[in-house]
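Asker: Mind looking at a prediction? Sequence and model below.
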Amino acid sequence: MTTACTTCYNVLKRTNHFIRTHPDERDRINTFIEADYAGEVEVVDIVHLLRDQVGFDAVRDKVLKPLAGLKVAAYYGCMVLRPPAEVAYDDPDHPRSLDDLMAALGATAVDYPHKNECCGAYLAVKAPEVTRSMVYTILSSAQRAGAEAMVTNCPLCQLTWTCSSGR
């Protein structure tokens with residue numbers, strides 16, 4: 001199962017992990033849902049799929065208009081990196097897959113220290129000022145590193161950026 005939403009990926013991957021590693025609970029869940037599921041479906045994020053099953057070289061070969069000269073900051077957030085034992089398909093401290101995808105598309109990946117920080121989306125309703133501060137830290141860090149654009153594979157993070165910046 002592939003999802004383009006990192007929040008969905010996190011929930012599905014962690015649930016699948018739980019079902020695989022807790023047989024007593026799995027039996028109880030299966031009784032409740034009237035099914036026999038043991039966690040055999042593999043859950044992958046779209047970037048994970050592109051990296052491991054398609055290959056970034058194959059992506060690069062299909063690019064008709066490379067993003068040459070565009071400096072892009074990849075933002076991973078927290079949902080595809082944490083908790084590492086359950087969901088991470090990349091190094092949670094130094095992720096690269098989204099940067100490598102941008103390079104395959106012809107862009108220059110910009111490294112910056114906040115690429116794996118949480119954007120605070122879960123706080124957006126209750127404490128929007130906290131979310132605004134978290135988003136500002138991430139975006140300004142990328143800008144200081146020379147980024148001309150940001151890319152994320154998390155629609156919730158993108159929505160949080162848009163709402164926090166007033167756009």
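Answerer: Cool, got the structure.

Asker: Which stretches in this protein count as helices?
Answerer: Remark: helices assigned in the chain by DSSP state H are 6-21, 23-33, 46-49, 56-62, 84-87, 97-104, 128-144, 155-165.

Asker: which regions of this protein sit below the pLDDT cut-off?
Answerer: Filtered on pLDDT under 70, the chain yields the residue ranges 165-167.

Asker: so Asp36 sits right up against Ile29, yeah?
Answerer: No - judged on CB atoms under 8 Å, Asp36 makes no contact with Ile29 at a distance of 10.5 Å. All C-beta spots, glycine's among them, are computed from the backbone N, C-alpha and C.

Asker: So for the two, which residue has more residues nearby?
Answerer: The neighbour comparison of Asp36 against Ile29 (other CB atoms under 10 Å) goes to Ile29, with 15 against 9.

Asker: Distance check, the closest residue to the more buried one other than its chain neighbours against Asn30.
Answerer: Leaving aside its sequence neighbours, Ile29 sits nearest to Ile19 (CB to CB, 6 or more residues apart in numbering; 6.7 Å). Applying CB to CB, to the nearest Å, the value for Ile19 to Asn30 is 9 Å.

Asker: again, but for Asn116
Answerer: 35 Å.

Asker: and if you look at Met102?
Answerer: Distance from Met102 to Asn30, by CB to CB: 42 Å.

Asker: and the two? which has more neighbours close in?
Answerer: Each of Met102 and Asn30 has its neighbours counted (other CB under 10 Å); Met102 has more, 22 against 14.
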